[in-house]
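A.B. asks: what follows is a predicted protein model with its sequence.
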Amino acid sequence: MKTKLILVLLLTSNLSQAQIFEKKAMSVQVGYGLSTPFYSDEEIVNDGFFLQGEYVLIISSWVEIRPYAGLIVTSSNGKDLNGNPTDEKAETKAFIIGGKARLILPIPYVAPYVEFGLGSSIGKFETFTAYTDVKKSGVLYHIPISVGLKLGQKKVIDLGFSYIFQPTVEQFSGAFALGITIPLKS
């Protein structure tokens, strides 16, 4: 018991100053939300709103860890992409939370990136097509994948496509989003 207590005290004390993260920041992204079914004969894309906040843990100029929370709301207007009436839809009204890793190619002024991770969607989902009829509410897992560019000398502007694959309801949601990163002082 005594050795366990000493071990816990050593691991949680301020004696160790080594940190894996170079810097920390906050990021906010807002965008045009979209959702579409995995399988459909028609070209269905429902639109809405996307908002996401991230706590950015910068490991190096190549790698960032990004815990996130956000909101995506999309709804059907009863038409396909060609303006034809349809009953098919992929609607999402969800709070999202999870974590992602971002891999960056550190090029000055324009740095392309790709992100991947795992998260949860909490809300209401509906996918209706000729192949799928799913209505679910509650907590579902999702897989976030994003591609984009970090722009500017300090790379604080973010322009990208964020996708959330939701296999349980056979749809994916996403956004064309614009973001800003605010560095935090250590």
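C.D. replies: Great, that's in hand. Residues are numbered from 1 along each chain as shown.
A.B. asks: spell out for me which residue occupies the centre of this structure.
C.D. replies: Averaging the C-alpha coordinates of the chain gives a centre point, and the residue nearest to it by Cα atoms, centre = their mean is P144 (5.0 Å).
A.B. asks: any idea what it is bridged to?
C.D. replies: P144 forms beta bridges with I164, as assigned by DSSP bridges.
A.B. asks: ok, it - contacts?
C.D. replies: 68, 96, 98, 100, 115-119, 162-165 (Cβ atoms under 8 Å, 6 or more residues apart in numbering). Glycine gets a C-beta too; all of them are placed from N, C-alpha and C.
A.B. asks: just the residues you listed: which are in strands?
C.D. replies: Among those, the ones falling in strands (DSSP state E) are 68, 96, 98, 100, 115-119, 162-165.
A.B. asks: helices of this protein, residue ranges please.
C.D. replies: Secondary structure of the chain by DSSP state H: the helices cover 2-12.
A.B. asks: can you get me a residue count around K24?
C.D. replies: 14 (other Cβ atoms under 10 Å).
A.B. asks: just give the closest residue to it, not the sequence neighbours.
C.D. replies: The spatially closest residue to K24, leaving aside those adjacent along the chain, is L184, at 4.6 Å (Cβ to Cβ, 6 or more residues apart in numbering).
A.B. asks: circling back to that earlier point, list just the nearest of the contacts of P144 to A175.
C.D. replies: When the contacts of P144 are compared for distance to A175, the smallest value, 5.2 Å, is given by S162; criterion: Cβ to Cβ.
A.B. asks: which residues does the nearest residue to the closest one once chain neighbours are set aside contact?
C.D. replies: Spatial nearest neighbour of S162, chain neighbours left out: S146 (4.4 Å); criterion: Cβ to Cβ, 6+ apart. Under the criterion of Cβ under 8 Å, 6+ apart, the contact partners of S146 comprise 100, 102, 113-116, 160-163.
A.B. asks: so S146 versus T74, what's the distance?
C.D. replies: Using Cβ to Cβ, to the nearest Å, one gets 17 Å for the distance from S146 to T74.
A.B. asks: many thanks, we can stop here.
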